[in-house]
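Undergrad: Mind folding the following:
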Amino acid sequence: MEPTVASLSSAIDATWVMVSAILVILMQVGFALLEAGSTRMKNAGHVAGKTVLTFGICSIAFWAFGFGLTFGDGNSFIGFSGFFFDGMQKDAFSAFSAATVPISILFLFQLAFAAVSLAIAWGGFAERAKLSIYFIFSVLFTVLIYPVVGHWVWGGGWLAQLGMQDFAGSTVVHLQGAIVALVATILLKPRIGKYNRDGSSNLIPGHNQVYSVLGVLFLWIGWFGFNAGSTLGSTSGFFGYIAVTTNLATAAGAVAALAISWIVMGKADIPSMLNGVLAALVAITASCAFVDPWAAVVIGAVSGILTFYTSIWFDRMGIDDPVFAFSVHGVAGIWGTLSTGLFATPELAEKVGVGGPGLFYGGGLHQLGVQALGLAGSALYVFVVAFIILYVLKVTIGLRVTEEEEVVGLDLSEHGGYGYPELLQPERVRPVASTQSSTSHSLT
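TA: Next comes the predicted model:
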């Protein structure tokens with residue numbers, strides 16, 4: 001069969017989305033390195049290992065129910081079709097009716113997004129949650145929480161009908177995960193030794209800053225698949241524009257966060273810079289397809305500064321968020337979602353086909369109001385459902401390991417061995433003296 005222009009275009013688009021799906025899945029490497037590096041050595045193996053475990057659980061739950069609930073045909077609240085996805089049934093997903101990419105590739109791409117949201121949520125559980133909670137909550141998040149807001153915004157639900165602009169998921173992916181992390185942090189309570197009796201905070205530094213840097217770099221690279229891949233095609237070339245706005249915002253977030261830490265603390269703080277990078281990535285995720293490059297720089301810089309100050313404020317409020325999940329993904333997700341209501345241009349809004357121009361481009365308060373309504377509705381739903389689920393788990397099987405298990409470390413208490421056995425366990429070596437003595441005797 002002779003190839004046609006349409007078939008070649010479809011093949012190129014499919015290849016790009018498949019590559020993007022792989023990039024987004026590789027972001028799990030970034031989360032594993034970032035979270036392991038930002039926590040203590042005695043928990044490093046657990047933190048890295050549960051990343052693999054929860055991605056596996058999420059994959060099965062999303063295949064069985066999550067994909068259909070998020071994108072299947074249904075009503076304005078939830079989807080009702082496409083469960084136990086067979087890899088072919090595109091007619092069950094009207095949300096993808098205009099896509100030229102095979103539905104199986106779209107499934108993998110969207111699965112990667114759900115897994116990222118779940119990985120964000122785990123930041124609030126770090127260093128004190130039972131392993132059994134990861135099994136249970138991974139399923140419930142993928143089936144009961146993530147698909148609902150996903151359907152509202154991307155699956156043809158009521159927020160999509162209002163024209164909410166969230167191109168790649170500042171709200172759908174990042175805010176959802178961040179709110180779950182916040183709920184978990186509140187219910188689990190602070191780590192042992194984090195706060196003193198007078199309420200003052202003690203620094204619990206991560207064990208490997210290099211891991212954290214590498215993790216952020218993995219995430220930065222993976223985000224090109226996250227944002228630019230959300231075009232669901234490449235032949236128009238629009239994915240390149242989105243990559244530019246994404247990179248500009250991220251660079252501005254890194255510089256602004258390091259600068260503000262230097263000004264406020266008197267030292268250029270590397271963890272603050274890393275949080276600024278991630279916050280900028282989160283913020284530009286909603287607006288990358290709707291804003292001019294100069295606006296992307298503003299959005300990224302503001303997010304880096306916001307994250308610096310809010311991370312300090314939450315710590316002073318007694319909220320022990322080990323990887324600053326809510327400051328990075330929640331506060332920046334809110335700012336990024338609102339930013340399209342300010343900076344969206346008429347030309348780009350028309351090109352994407354969602355919503356209208358922002359306040360600064362003659363759109364008045366309409367788009368900003370839609371963005372705010374979408375944020376409020378999504379945040380309320382996720383907070384209430386997550387709180388109910390985690391509270392029930394807390395009063396039944398318990399969320400937190402025992403004090404003794406937390407002190408010894410989750411590597412040992414949950415898995416029976418340390419991630420760094422040579423450093424955390426005393427070596428048992430046969431005495432050398434007796435060997436040398438017998439050797440000397442035999443030589444004589």
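Undergrad: In this structure Ala126 contacts Thr39, no?
TA: Yes - Ala126 lies in contact with Thr39 (Cβ atoms under 8 Å); the separation is 5.5 Å. To be clear about C-beta, it is placed using only N, CA and C from the backbone, and glycine gets the same treatment.
Undergrad: okay, and the common contacts of the two?
TA: Taking Cβ atoms under 8 Å, 6 or more residues apart in numbering as the criterion, Ala126 and Thr39 both touch Val47, Pro322, Val323.
Undergrad: Not counting sequence-adjacent ones, nearest residue to Ile192?
TA: Leaving aside its sequence neighbours, Ile192 sits nearest to Glu406 (Cβ to Cβ, 6 or more residues apart in numbering; 5.6 Å).
Undergrad: Next, count neighbours for that neighbour.
TA: Glu406: 19 surrounding residues under other Cβ atoms under 10 Å.
Undergrad: measure it to Asp315 for me?
TA: Relative to Asp315, Glu406 is positioned 19 Å away (Cβ to Cβ, to the nearest Å).
Undergrad: cool, Ile25 as well?
TA: Distance of Ile25 to Asp315, given as Cβ to Cβ: 32 Å.
Undergrad: what sits against Val302?
TA: Val302 touches Ala256, Ala283, Trp335, counting by Cβ under 8 Å, 6+ apart.
Undergrad: buried set for the helix or strand hosting the second one?
TA: In other words, Ala283. Assigned by DSSP states H and E, Ala283 falls within helix 270-287. For helix 270-287, the neighbour count (16 or more other Cβ atoms under 10 Å) marks 271-287 as buried.
Undergrad: cool, and stretch 383-397?
TA: For stretch 383-397, by 16+ other Cβ under 10 Å, it's Val385, Ala386, Phe387, Ile389, Leu390, Leu393.
Undergrad: same deal with stretch 406-418?
TA: Neighbour counts using 16+ other Cβ under 10 Å place Glu406, Gly409, Leu410, Asp411, Leu412, Ser413, Glu414, Tyr418 of stretch 406-418 among the buried residues.
Undergrad: what's the farthest-apart pair in the residues you listed?
TA: Glu406 and Tyr418 (14.7 Å; Cβ to Cβ).
Undergrad: count of neighbours near the residue lying closest to Phe125 once chain neighbours are set aside?
TA: Leaving aside its chain neighbours, Phe125 sits nearest to Ala184 (5.0 Å; criterion: Cβ to Cβ, 6+ apart). When neighbours are defined as other Cβ under 10 Å, Ala184 has 26 of them.
Undergrad: Whichever helix or strand Ala184 is part of relative to helix 270-287, how many degrees between them?
TA: For Ala184, the element it lies in under DSSP H and E is helix 176-188. If you take axes from the mean of the first three to the mean of the last three Cα atoms, to 10 degrees, helix 176-188 sits at 130 degrees to helix 270-287.
Undergrad: Could you check how far helix 176-188 is from the centre of its chain?
TA: The gap between where helix 176-188 is centred and where its chain is centred comes out at 13 Å by Cα atoms, centre = their mean, to the nearest Å.
Undergrad: Which helix or strand lies directly C-terminal to it?
TA: For helix 176-188, the following helix or strand on the C-terminal side (DSSP H and E) is helix 209-223.
Undergrad: Ile284 is in contact with Phe226, correct?
TA: No - judged on Cβ under 8 Å, Phe226 makes no contact with Ile284 at a distance of 10.2 Å.
Undergrad: Any buried residues in stretch 291-310, and which?
TA: So, applying 16+ other Cβ under 10 Å, buried residues of stretch 291-310: 291, 295-308, 310.
Undergrad: likewise stretch 256-266?
TA: Buried-residue list, stretch 256-266, by 16+ other Cβ under 10 Å: Ala256, Ala257, Leu258, Ala259, Ile260, Ser261.
Undergrad: follow-up on the earlier one: quick one: the residue nearest to Ile192 is in a helix?
TA: Yes - counting by DSSP: H, G, I helix; E, B strand; the rest coil, Glu406 falls inside a helix.
Undergrad: how close does it get to Glu414?
TA: For Glu406 relative to Glu414 (Cβ to Cβ), the value is 11 Å.
Undergrad: What is the burial count for Ala376?
TA: For Ala376, using other Cβ under 10 Å, the count is 10.
Undergrad: now do the same end-to-end measure for stretch 394-411.
TA: Using Cα to Cα, to the nearest Å, the span of stretch 394-411 from its first residue to its last is 22 Å.
Undergrad: contacting residues around it?
TA: 40-47, 125, 127-133, 184, 187-189, 191-192, 390, 393, 413-414, 417-419, 424.
Undergrad: Stretch 111-118 too?
TA: With contacts defined as Cβ under 8 Å, 6+ apart, stretch 111-118 is touched by 21, 24-25, 27-28, 31, 54-55, 58-59, 62-63, 66-67, 70, 138, 141-142, 146, 150, 169, 172-174, 176-177, 226.
Undergrad: switch to 7 Å and redo it
TA: 21, 24-25, 27-28, 54-55, 58-59, 62, 66, 138, 141-142, 146, 169, 173, 176-177 (Cβ atoms under 7 Å, 6 or more residues apart in numbering).
Undergrad: so how far does stretch 64-72 reach from one end to the other?
TA: First-to-last residue span, stretch 64-72, Cα to Cα: 12 Å.
Undergrad: now that stretch, how far from the chain's geometric center?
TA: Distance, centroid of stretch 64-72 to centroid of chain: 20 Å (Cα atoms, centre = their mean).
Undergrad: Scan the helices and strands of the chain for the one with the lowest mean pLDDT.
TA: helix 432-443 (a mean of 40; mean pLDDT, DSSP states H and E).
Undergrad: Pull the distance from the helix of greatest length in the chain to the chain's centre.
TA: For the chain, the helix that runs over the most residues, judged by DSSP state H, is helix 5-38. Mean-position distance between helix 5-38 and its chain equals 14 Å (Cα atoms, centre = their mean).
Undergrad: what helices or strands is the helix or strand that that helix is followed by leaning on?
TA: Per DSSP H and E, the first helix or strand lying C-terminal to helix 5-38 is helix 44-61. The contact analysis (3 or more Cβ pairs under 7 Å, 6 or more residues apart in numbering; DSSP states H and E) places helix 44-61 against helix 5-38, helix 103-121, helix 131-140, helix 410-415.
Undergrad: Deepest-packed of these, please.
TA: helix 103-121 (a mean of 24; mean count of other Cβ atoms under 10 Å).
Undergrad: Could you pull up the mean pLDDT of it?
TA: In this model, helix 103-121 has a mean pLDDT of 97.
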